[in-house]
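1. Sequence and predicted structure are below.
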Number of protein chains: 2
Amino acid sequence: MRLTSEKKVFTIPGGLDLDKGSHLDQVKLAYETLGELSPKRDNAVLICHALSGDSHVAGFFPDDPEDARPGWWDLMVGPGKPIDTDRYFVICSNVIGGCQGSTGPSSTNPETGSPYGLDFPVVTIHDMVAAQKKLVEHLGIPRLLAVIGGSLGGMQVLEWSLSYPEMMAGAIPLATTMRHSALAIAFDEIARQAIMADPAWRRGDYYGKKGPDTGLAVARMIGHVTYLSDTALRQKFGRRLQNKEDLSFKFDVDFQVESYLRYQGSKFVNRFDANSFLYITKAADYFDVCQRHGEGLAVKAFLKAKARYLVVSFTSDWLYPTAEARDMVQAMKKNAIAASFCEIKADCGHDAFLLPNPRLAELLRGFLDSLK
Amino acid sequence: MRLTSEKKVFTIPGGLDLDKGSHLDQVKLAYETLGELSPKRDNAVLICHALSGDSHVAGFFPDDPEDARPGWWDLMVGPGKPIDTDRYFVICSNVIGGCQGSTGPSSTNPETGSPYGLDFPVVTIHDMVAAQKKLVEHLGIPRLLAVIGGSLGGMQVLEWSLSYPEMMAGAIPLATTMRHSALAIAFDEIARQAIMADPAWRRGDYYGKKGPDTGLAVARMIGHVTYLSDTALRQKFGRRLQNKEDLSFKFDVDFQVESYLRYQGSKFVNRFDANSFLYITKAADYFDVCQRHGEGLAVKAFLKAKARYLVVSFTSDWLYPTAEARDMVQAMKKNAIAASFCEIKADCGHDAFLLPNPRLAELLRGFLDSLK
């Protein structure tokens, strides 16, 4: 029997006060749940998605066709899987600023009746997490068993654990960082520039018209390369030609890696809003738990933490390299926090947390099992 | 006294047969020379430039203002410098396909009287080198003392040494590779997509109109990040804000690294032709000395070589990592070729060969000194 999931929408009563200093009214959160909440309400696991993810973490929608692809982390989430929906009540919501049902730049601005566009306020990782907390409270859950996420999802995990330390037993940040490095900011900025350089972007006011598809495709290609590794690309593509005959001596696709990137770019355009890309990458660039919680110091930031941590990095992740995970774990240890750390050997780069990985599966299963 | 240099133009008699299979008529090469050719004509050093370089390798033009910047490798080339113009006759020419005086897509197509645009044939590294050989012959030089270059210039060095093995005593490929990896192709392709996505590109037919400046700026930003290292960016920028006050909560520049990239992008637009960017990156992606000279095998390719080599890589170069230089050196050694190899510790990434580096200076000076 297929695991099915249904998208629900929660409207935050009274809206949300934002880091920016303003207030956002009529904030909707699209979310999905899997499994059953225990009578003691102590088996809830919140999963936070990465840049291009959404609330559909696992399983299928009731009306999905036979050949539909399941949710984005179906490998890890489901009955009998490491994040076992027979045991845990799994919650996943689309981030605010996103475009998969939660309030974001493509939502209607209640003041004007038109889509926000750039009138949508710049939101932060903390704002995303604050909205999730309202959802968790709405679901009647006093304390989460765990908060889990990779990449931008891992930033949310860190923010959760320091903003609401009493609200969870365990925190699992995967393939993430306490703050974006200059390199990570650089790639995000170039991707944003690619979108904003597209005349169809029209300063964000493109809804109902042709959007900045070419700019967004280039932005996605940039992101996509940073999620892979040199080794992964060598293994997957090397210098193999798309057309086995020969080089084209034109500016068409010659190499398979070019074709792959063009495909990734054009596929993304069909499912993602360019303004959401701008807002979410900006939130990632602004993210800095050390600054927010420790006056710039990691050790001081984790003084607040109460959760047990499982921190995981991947050897070939050059976007958030292991050294950054180690810094995080050191700051935890200096505060005598129970923190397990594992660097997993993986050739596939930053995206490793989304791919089949027995070691990661085992770690998640064991760590969740140990939580109370 | 300032070292002065003058741009000269050489027209290849009879034009050039190209790898593509076609013939290019009226091929001009812009070039500069420094120092004096010895009576024996045995002290000529050819320097090959990288993607954004040109023939102006060192010194100043006669009418340069006082505050002008010297040529792109003035650190290494000049009287008393490692590539000593008191001893060597230095030649540097702009590559064909380029936009600094040599024939390229912005040149006039003799058949139409208008700029070539995309009617310019796709040229290869071998074509660039074949044109340089005509120039060297024109200058009356039977054999070069050395051919030197970094990055795309290093590819030219390798190609020179295998296409015309009798024509040089020494070959010095710096920060380069025998063939572009999938990662290097990926970044080039994304940069090209950024240019071609700009409506002002008009399929290459933008001369006399507003060109694809925004696309070219994004392309340059992508390239620029790949020339730097994570460490270099951390040291140079970290998360320092452009405006010390605070985050903007807008899509303006927040971080210094963003401002730096935007500046690099916009500066490049003023001095480089977008079509040349397409053509030169394509030549780099097509480059594969193993394929051309060894039926896919590096060892077989270097069977032809006769020069002594000095191969240099830099620890933080992730575009052409040391492993690729080692592969090259192994192939040389297996052919019993005299090859010196040095991996220089440098935090500044691929661009290290262009920056002050006493170790590199010493290696170049010593190796040139040993050549006959």
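-> Thanks, I have the structure now.

2. Going by C-alpha atoms from here, please, whenever you check contacts or count neighbours.
-> Fine.

3. Helices along chain A, start to end?
-> Along chain A, counting by DSSP state H, helices occupy A:125-138, A:152-163, A:182-196, A:213-227, A:230-236, A:256-269, A:274-286, A:289-294, A:298-301, A:322-334, A:358-370.

4. Now render those helices as a markdown table, adding mean pLDDT.
-> Below are the helices of chain A laid out as a markdown table (pLDDT from 0 to 100):
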| stretch | mean pLDDT |
| --- | --- |
| helix A:125-138 | 98 |
| helix A:152-163 | 98 |
| helix A:182-196 | 96 |
| helix A:213-227 | 95 |
| helix A:230-236 | 91 |
| helix A:256-269 | 95 |
| helix A:274-286 | 98 |
| helix A:289-294 | 96 |
| helix A:298-301 | 98 |
| helix A:322-334 | 97 |
| helix A:358-370 | 97 |
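
5. now those helices in TSV, with distance to residue B:339 and mean neighbour count?
-> Output for the helices of chain A, formatted as TSV (distance: least, C-alpha to C-alpha, whole Å; neighbours: other C-alpha atoms under 10 Å in any protein chain shown):
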stretch	distance to residue B:339	mean neighbour count
helix A:125-138	53	20
helix A:152-163	47	26
helix A:182-196	35	25
helix A:213-227	34	24
helix A:230-236	27	17
helix A:256-269	33	19
helix A:274-286	45	24
helix A:289-294	49	18
helix A:298-301	48	20
helix A:322-334	35	19
helix A:358-370	43	15
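
6. I'd like these as a markdown table, with distance to residue A:54 appended.
-> A markdown table is the format used below for those (distance: least, C-alpha to C-alpha, whole Å):
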| stretch | distance to residue A:54 |
| --- | --- |
| helix A:125-138 | 13 |
| helix A:152-163 | 11 |
| helix A:182-196 | 20 |
| helix A:213-227 | 16 |
| helix A:230-236 | 25 |
| helix A:256-269 | 13 |
| helix A:274-286 | 12 |
| helix A:289-294 | 23 |
| helix A:298-301 | 29 |
| helix A:322-334 | 25 |
| helix A:358-370 | 21 |
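
7. what's the distance between residue A:68 and residue A:62?
-> Between residue A:68 and residue A:62 the computed distance is 11 Å (C-alpha to C-alpha, to the nearest Å).

8. my bad, should have said residue A:24
-> Between residue A:24 and residue A:62 the distance, using C-alpha to C-alpha, works out to 32 Å.

9. Compare those two and say which is more crowded by neighbours.
-> When neighbours are counted by other C-alpha atoms under 10 Å in any protein chain shown, residue A:24 and residue A:62 differ, and residue A:24 comes out ahead with 16 against 11.

10. so who does that one touch?
-> Contact partners of residue A:24, counting by C-alpha atoms under 8 Å, 6 or more residues apart in numbering or on different chains, are A:15-18.

11. what about 10 Å?
-> Going by C-alpha atoms under 10 Å, 6 or more residues apart in numbering or on different chains, residue A:24 touches A:14-18, A:103, A:109, A:120-121, A:123.

12. Who wins on neighbours among the residues you listed?
-> Counting neighbours by other C-alpha under 10 Å, the top entry in the contacts of residue A:24 is residue A:103, with 25 neighbours.

13. Hmm, residue A:170 and residue A:149 touching each other?
-> No. Between residue A:149 and residue A:170 there is no contact under C-alpha atoms under 10 Å: 11.8 Å.

14. any residues in contact with both of the two?
-> By C-alpha under 10 Å, 6+ apart, residue A:149 and residue A:170 have these common neighbours: residue A:157.

15. can I have stretch A:263-273 written out in PDB, keeping just the CAs?
-> Below are the C-alpha coordinates for stretch A:263-273, written out as PDB (Å, rounded to 0.1, in the frame of the first residue of the first chain):
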ATOM      1  CA  TYR A 263      17.700  20.000 -18.300                       C
ATOM      2  CA  GLN A 264      18.000  20.800 -14.600                       C
ATOM      3  CA  GLY A 265      17.600  24.500 -15.300                       C
ATOM      4  CA  SER A 266      14.500  24.200 -17.500                       C
ATOM      5  CA  LYS A 267      12.800  21.600 -15.200                       C
ATOM      6  CA  PHE A 268      13.200  23.900 -12.200                       C
ATOM      7  CA  VAL A 269      11.500  26.800 -13.900                       C
ATOM      8  CA  ASN A 270       8.300  24.800 -14.100                       C
ATOM      9  CA  ARG A 271       8.100  24.300 -10.400                       C
ATOM     10  CA  PHE A 272       9.700  27.200  -8.700                       C
ATOM     11  CA  ASP A 273       9.100  30.900  -8.400                       C
END
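
16. Give me every residue in the stretch 251-372 of chain A that's in contact range of chain B.
-> Applying C-alpha under 10 Å from any C-alpha of the partner chain, we find that the stretch 251-372 of chain A lies next to chain B at A:251, A:253-262, A:265, A:278-279, A:282-283, A:285-286, A:288, A:318-319, A:321.

17. Show residues contacting stretch A:290-307.
-> A:126, A:145-147, A:158-172, A:178-179, A:288-289, A:327-339, A:371.

18. Next, the distance between the ends of that stretch.
-> OK, stretch A:290-307 end separation, C-alpha to C-alpha: 17 Å.

19. per-domain residue ranges of chain A.
-> Residue ranges for each domain of chain A read A:8-181+A:288-370, A:185-280, as given by automatic domain parsing.

20. Turn these into a markdown table, including distance to residue B:32.
-> A markdown table is the format used below for the domains of chain A (distance: least, C-alpha to C-alpha, whole Å):
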| stretch | distance to residue B:32 |
| --- | --- |
| domain A:8-181+A:288-370 | 41 |
| domain A:185-280 | 30 |
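
21. so which of those domains comes closest to residue B:43?
-> domain A:185-280 (37.0 Å; C-alpha to C-alpha).

22. so how far is that closest one from its chain's centroid?
-> Taking C-alpha atoms, centre = their mean, to the nearest Å, one finds domain A:185-280 lying 19 Å from the centre of the chain it belongs to.

23. Could you do stretch A:137-151 as well?
-> Relative to the chain's own centre, stretch A:137-151 is displaced by 15 Å; criterion: C-alpha atoms, centre = their mean.

24. Is chain B within reach of that stretch?
-> No. Stretch A:137-151 stays out of contact with chain B when judged by C-alpha under 10 Å from any C-alpha, the minimum separation being 17.8 Å.

25. Now do the contacts for residue A:14.
-> If you count contacts by C-alpha under 10 Å, 6+ apart, then residue A:14 has A:23-27 around it.

26. Hmm, residue A:47 is touching residue A:152, no?
-> No. Judged on C-alpha under 10 Å, residue A:47 makes no contact with residue A:152 at a distance of 11.4 Å.

27. what about residue A:27, how many neighbours?
-> A count of neighbours around residue A:27, defined by other C-alpha under 10 Å, yields 18.

28. Report the separation between it and residue A:276.
-> The gap separating residue A:27 from residue A:276 is 15 Å, by C-alpha to C-alpha.

29. Now do the same contact list for the residue most central in space within chain A.
-> By C-alpha atoms, centre = their mean, chain A has its centre lying nearest to residue A:50, at 1.2 Å. Counting by C-alpha under 10 Å, 6+ apart, residue A:50 touches A:94-95, A:149-156, A:280.
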